[in-house]
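**Student:** Task: produce atomic coordinates for the following.
(4 chains)
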Protein chains: 2
Amino acid sequence: MGSEGLSRKERERLRQREEILNAALQLFSLKGYENVTMQEVAQRAEYAVGTIYNIFENKKELYKALLLEHCQRFHERVVSTLDSAKDEMTALKDYLKAKLEIFTQNISLIRLYIKETQGARFNPKAGMEEEIRELYNSFLSKLASVFESGIKKGIFRNRFRPRDLAVALDSLTTALLFEWVEDPENNPYPGDQDYMLSFLLESVLERGGNNVSH
Amino acid sequence: MGSEGLSRKERERLRQREEILNAALQLFSLKGYENVTMQEVAQRAEYAVGTIYNIFENKKELYKALLLEHCQRFHERVVSTLDSAKDEMTALKDYLKAKLEIFTQNISLIRLYIKETQGARFNPKAGMEEEIRELYNSFLSKLASVFESGIKKGIFRNRFRPRDLAVALDSLTTALLFEWVEDPENNPYPGDQDYMLSFLLESVLERGGNNVSH
DNA sequence: TCATATGTTGAACCATTGTTCATTAAATGA
DNA sequence: TCATTTAATGAACAATGGTTCAACATATGA
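**Tutor:** Down below sits the predicted model:
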């Protein structure tokens, strides 16, 4: 995307950039930021260290670019899914479908992303993490607003806060998808398209069993 | 616990150890493992670097000890809660109560713990992370078995896999608690003891609304 | 009290690694 | 073709920080 109207030189630069980012992705997601050296990135990308420094300011900037660009891609994809759905229920279903695809196709990146968003909240050095968390927050608000309008229309009960519903659905599905994608031998994807959603939409309780409120 | 029958020397050593671990905890949870120097730990603990090396093999071992000991504490607490409950429903309720307490009292450590368990799965350098993940897995199995026996007794529906239920409940509550504890101004704990559990036990759907299965 | 053992200290060492830049190679176009 | 600009290279530099250990302090008990 977006490489029209560029000179050959510029396209060449962009290709290099991609190659370096790809090499970096593989290493970072495998070993973590601090355990990867620039020499390693250079070697895997088949460039000299100096070449990398011609394109990226420094190691931190390389990492930021890598993470941010992919996160923006995911974000765009998921948010546009939520926006273009014809009603609240299909919004949720389409979101989960998109998320499943993103997970299966980008698992090593997802691992990096989760580390950033889950592990480092309120980390004072912030920086890029701030930007990523902002992306995540804007997505959560979108998802919350789907629940909110669903509640207004009488599709969803008024029992739960919209934001809590968003947090609950997103965390629950992230955890389940992680399990299924990371270890499909023992924890296969159960096939059923609506399985994840039904954790919230159907009660776990057997009808006639004790209710939660004493 | 477990400091009976020790000589004065040994008790002294243990006290030092605790002081160093406490200093390390504050720094690691604030800045992350790689951004903390041994000099800093020494300074905060009010010992010389050399003294730390008399007690801990090296930096990695210090970190391992710190994380593992607290994780074992949490694990023990939660698992014993699950074990001693009189039935499945109270097991779940007691587990959530214990978890809420652990979160509010140990938030900085929880952040570290989450980083370990969520971010670093399948990281080849493993080591301690392996042990921690094993603790987490054994807890998950316990929680899954609560659901399993609940299903057998007819308290819970047979729709969901026990392990998926465990993963869903644990991830959902971790995410919600995180939100509430990290930012109580905007996301206060909603007070209701059964709020978290009811995400699974009650349907989000308004009765009469569309069901998920078309 | 004093000789010995035990514990503490932190400056110095050294391995690691992010970054630079003089050198070499390639592209350009006259 | 060849002078000049532009880009690529990787050895060397410098800073960081984990670890060591000789010197110092304290405790022990004869």
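**Student:** Got phi/psi on residue A:205?
**Tutor:** phi -70, psi 140 (degrees, to the nearest 10).
**Student:** what's the burial count for it?
**Tutor:** Residues within reach of residue A:205, counting by other CB atoms under 10 Å in any protein chain shown, total 20. In short, each C-beta sits where N, CA and C put it, glycine included.
**Student:** Next: residue A:132.
**Tutor:** 20.
**Student:** Could you do residue A:89 as well?
**Tutor:** The burial count for residue A:89: 21, using other CB under 10 Å.
**Student:** swap in residue A:61?
**Tutor:** Neighbour tally, residue A:61, other CB under 10 Å: 12.
**Student:** quick one: buried residues of the worst-scoring helix or strand of chain A on mean pLDDT?
**Tutor:** The least trusted helix or strand in chain A, going by mean pLDDT, DSSP states H and E, turns out to be helix A:107-114, with a mean of 83. Across helix A:107-114, burial judged by 16 or more other CB atoms under 10 Å in any protein chain shown covers A:109, A:110, A:111, A:112, A:113, A:114.
**Student:** The helix or strand following it and DNA strand C in contact?
**Tutor:** Per DSSP states H and E, the first helix or strand lying C-terminal to helix A:107-114 is helix A:128-152. No: remark: helix A:128-152 sits outside contact range of DNA strand C, by CB under 7 Å from any atom of the strand, the gap being at least 14.5 Å.
**Student:** How are the helices of chain A distributed by residue range?
**Tutor:** Using DSSP state H, the helices of chain A run over A:8-31, A:38-45, A:49-55, A:59-84, A:88-105, A:107-114, A:128-152, A:162-182, A:195-201.
**Student:** of all those helices, which lies closest to residue B:82?
**Tutor:** Judged by CB to CB, the one of the helices of chain A that comes nearest to residue B:82 is helix A:162-182, at 18.8 Å.
**Student:** buried residues in that closest one?
**Tutor:** So helix A:162-182, judged by 16+ other CB under 10 Å, has buried residues A:162-181.
**Student:** what does stretch A:7-22 give?
**Tutor:** Quick answer for stretch A:7-22 (16+ other CB under 10 Å): A:16, A:17, A:20, A:21.
**Student:** How about stretch A:50-69?
**Tutor:** Quick answer for stretch A:50-69 (16+ other CB under 10 Å): A:52, A:55, A:56, A:59, A:62, A:63, A:64, A:65, A:66, A:67, A:68.
**Student:** can I get the residues you listed in TSV with distance to residue B:91 and pLDDT?
**Tutor:** Below are these laid out as TSV (distance: CB to CB, whole Å; pLDDT from 0 to 100):
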residue	distance to residue B:91	pLDDT
A:52	54	98
A:55	55	97
A:56	52	97
A:59	48	96
A:62	48	96
A:63	43	94
A:64	44	93
A:65	47	95
A:66	43	95
A:67	40	92
A:68	43	92
